[in-house]
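Engineer: sequence and predicted model, in that order:
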Amino acid sequence: MSNSSGLNSSCEEFIADDVTSNRSNNTRRMLIKEYRKIGHGAFGTVVQAYLTQDKEQWYGPFAIKRVPAQTEYKSRELQILRITNHPNIVKLEYFFTHTSPLDRKVYQHLAMECLPGTLQMEISRYSNNNLQLPIKHVKLYSYQIARGMLYLHALGICHRDIKPSNILVDPSSGVLKICDFGSAKKLEHNQPSISYICSRFYRAPELIIGSTQYTTQIDIWGLGCVIGEMLIGKAVFQGQEPLLQLREIAKLLGPPDKKFIFFSNPAYDGPLFSKPLFSGSPQSRFEKHFGHAGPDGIDLLMKVLVYEPQSRLSPRRILAHQFFDDLRKEEYFFPRGETQPIRLPHLFDFSEFESQVLGEFVTKIKPETEEDS
Ligand SMILES: Nc1ncnc2c1ncn2[C@@H]1O[C@H](COP(=O)(O)OP(=O)(O)O)[C@@H](O)[C@H]1O
Ligand SMILES: [Mg+2]
């Protein structure tokens, strides 16, 4: 047992009276055994745990995310996790509230399926060894994020905090799931939303400028940043402070258009970075940065990392992009550290809902000899 964590360094057991199963909706009393802290963020902790009713049959392991039950922030996380059901979105299994005996405060607990790691860990594992993530892995992971986004955005849900530590992966199977819906929100037309969301390096330019009328396309920007990060092993745009983040973007894309700034936020009075910061075309800079992604990878990135949100590719166009043709043609890959190839996880087993959303794109996305079940 690891001893590096504070509260949960030893096995903790407690009984919760109202544990609700997200599948059956039944609520019952259960014993929870927490045995390993696996993450912590701004508001809470995540521990690995098992649940039981009778100490005979144990369920798990789950990742239990614990956050204060009442904060001034309206957490829509539980609400959203309760309605989502998709292979690339982390699955909620149980939820309950419990009063901590230590501080007498009420905490909300979300017991989710547990994956062995995050994309953040996967990226650093390679970059710390001066290695590059194999392009096949970049494609596999990028595709699954886009597929998760297709689903979320079709429901109107914007994740608002896309970054590698909020993306779970199982490197041995290649399966990926988007997690951390602590900032997520269902965006309604013409209703403003706060612009101070999303972690700095992954913030879309319209958020930096202070737009409150943004769309789910801010997640697509985040996806572009994550794809770039998988390719180069570090965050693509590393602004040292919030407004300098725009400068980092301008270094690669060139100066933002005045119209874009005005439409994002007419009251913006920050720096414009309207002078070119580097010579050469954006194309040549993308090639210099992301050369080993090949022409298809560069083409995709240049269509995703675009100032104007409405010009960024939509999730279904991303899924249909030729960068992912390899996944359609060759259904095997080598998991990290393995010398034997295995089958790719299911990538094209679209539900009726997804097929509806994809429309005519289904035929472009699915491999020609489709036998995925
Ligand atoms: N279902 C899960 N399986 C495995 N690890 C998880 C899971 N959910 C969260 N984690 C780990 O806990 C960390 C924090 O969880 P997250 O939901 O991102 O909370 P926060 O809002 O604190 O960032 C993640 O970056 C990840 O390392
Ligand atoms: Mg997080």
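Structural biologist: Nice, thanks for sending it over. Ligands and ions are numbered 1, 2, ... in the order given.
Engineer: CA only for contacts and neighbour counts going forward, please
Structural biologist: Noted.
Engineer: how about the secondary structure of residue 37?
Structural biologist: strand (DSSP: H, G, I helix; E, B strand; the rest coil).
Engineer: was I right about it contacting residue 44?
Structural biologist: No: using CA atoms under 8 Å as the test, residue 37 is too far from residue 44 to be in contact (11.2 Å).
Engineer: show me which of these two is the more surrounded one.
Structural biologist: Taking neighbours as other CA atoms under 10 Å, residue 37 and residue 44 compare with residue 37 leading, 24 against 14.
Engineer: ok, what's across the strand from the more buried one?
Structural biologist: With DSSP bridges as the criterion, residue 37 is bridged to residue 47.
Engineer: what about it, distance to residue 30?
Structural biologist: 20 Å (CA to CA, to the nearest Å).
Engineer: what does this protein put close to ligand 1?
Structural biologist: Within the chain, the positions near ligand 1 by CA under 6 Å from any ligand atom are 38-44, 46, 63, 112-118, 165-166, 179-180, 182.
Engineer: out of the residues you listed, which end up buried?
Structural biologist: The neighbour-count test (16 or more other CA atoms under 10 Å) marks 38, 46, 63, 112-115, 117-118, 165-166, 179-180, 182 as buried among the residues of the chain next to ligand 1.
Engineer: same list (those) but as JSON lines, adding secondary structure and pLDDT.
Structural biologist: Compiled in JSON lines, those are given as follows (DSSP: H, G, I helix; E, B strand; the rest coil; pLDDT from 0 to 100):
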{"residue": "38", "secondary structure": "strand", "pLDDT": "94"}
{"residue": "46", "secondary structure": "strand", "pLDDT": "96"}
{"residue": "63", "secondary structure": "strand", "pLDDT": "98"}
{"residue": "112", "secondary structure": "strand", "pLDDT": "98"}
{"residue": "113", "secondary structure": "strand", "pLDDT": "98"}
{"residue": "114", "secondary structure": "coil", "pLDDT": "98"}
{"residue": "115", "secondary structure": "coil", "pLDDT": "98"}
{"residue": "117", "secondary structure": "strand", "pLDDT": "97"}
{"residue": "118", "secondary structure": "strand", "pLDDT": "98"}
{"residue": "165", "secondary structure": "helix", "pLDDT": "97"}
{"residue": "166", "secondary structure": "helix", "pLDDT": "98"}
{"residue": "179", "secondary structure": "coil", "pLDDT": "98"}
{"residue": "180", "secondary structure": "coil", "pLDDT": "96"}
{"residue": "182", "secondary structure": "coil", "pLDDT": "93"}
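Engineer: pick the one among those residues closest to residue 252.
Structural biologist: Nearest to residue 252 among these is residue 165, at 23.8 Å by CA to CA.
Engineer: quick one: contacts for that closest one?
Structural biologist: By CA atoms under 8 Å, 6 or more residues apart in numbering, the contact set of residue 165 is 118, 119, 120, 121.
Engineer: any idea which element the nearest residue to the first one once chain neighbours are set aside lies in?
Structural biologist: With CA to CA, 6 or more residues apart in numbering as the measure, residue 168 is the residue that lies nearest to residue 118, at 4.2 Å, once sequence neighbours are left out. Of the helices and strands defined by DSSP states H and E, residue 168 is found in strand 167-170.
Engineer: helices and strands around that strand, which ones?
Structural biologist: Identification of packing neighbours for strand 167-170 by 3 or more CA pairs under 8 Å, 6 or more residues apart in numbering; DSSP states H and E yields strand 117-118, helix 119-127, strand 175-178.
Engineer: which residues touch that strand?
Structural biologist: Here strand 167-170 makes contact (CA under 8 Å, 6+ apart) with 90, 115, 116, 117, 118, 119, 120, 175, 176, 177, 178, 179.
Engineer: nearest to residue 249, of those residues?
Structural biologist: Of these, the one sitting nearest to residue 249 (CA to CA) turns out to be residue 120, at 21.1 Å.
Engineer: now do the same for the closest one: its pLDDT.
Structural biologist: For residue 120, the pLDDT comes out at 98.
Engineer: spit out the contact partners of it.
Structural biologist: Going by CA under 8 Å, 6+ apart, residue 120 touches 164, 165, 167.
Engineer: and the second one, how far from residue 38?
Structural biologist: The gap separating residue 165 from residue 38 is 12 Å, by CA to CA.
Engineer: can you point me to the longest helix in this protein?
Structural biologist: helix 135-154 (DSSP state H).
Engineer: returning to that earlier point: distance to residue 292 for the helices and strands packed on strand 167-170 - can I get that in TSV?
Structural biologist: TSV is the format used below for the helices and strands packed on strand 167-170 (distance: least, CA to CA, whole Å):
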stretch	distance to residue 292
strand 117-118	23
helix 119-127	15
strand 175-178	23
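Engineer: most tightly packed of these?
Structural biologist: Highest mean neighbour count among the helices and strands packed on strand 167-170 (mean count of other CA atoms under 10 Å): strand 175-178, with a mean of 24.
Engineer: which strands or helices does that one pack on?
Structural biologist: Counting contacts by 3+ CA pairs under 8 Å, 6+ apart, strand 175-178 packs against helix 135-154, strand 167-170.
Engineer: how far off centre is that strand?
Structural biologist: On the basis of CA atoms, centre = their mean, to the nearest Å, strand 175-178 sits 8 Å off its chain's mean C-alpha point.
Engineer: just stretch 98-110 next, same as before
Structural biologist: Counting by CA atoms, centre = their mean, stretch 98-110 is centred 27 Å from the centre of its parent chain.
Engineer: quick check: buried residues in that stretch?
Structural biologist: In stretch 98-110, counting by 16+ other CA under 10 Å, buried: 98, 106, 107, 108, 109, 110.
Engineer: how about stretch 322-330?
Structural biologist: Using 16+ other CA under 10 Å as the burial criterion, the residues of stretch 322-330 that qualify are 322, 323, 324, 325, 327, 328.
Engineer: export those as CSV, with columns for pLDDT.
Structural biologist: Listed next are those as CSV, based on pLDDT from 0 to 100:
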residue, pLDDT
322, 98
323, 98
324, 98
325, 98
327, 98
328, 98
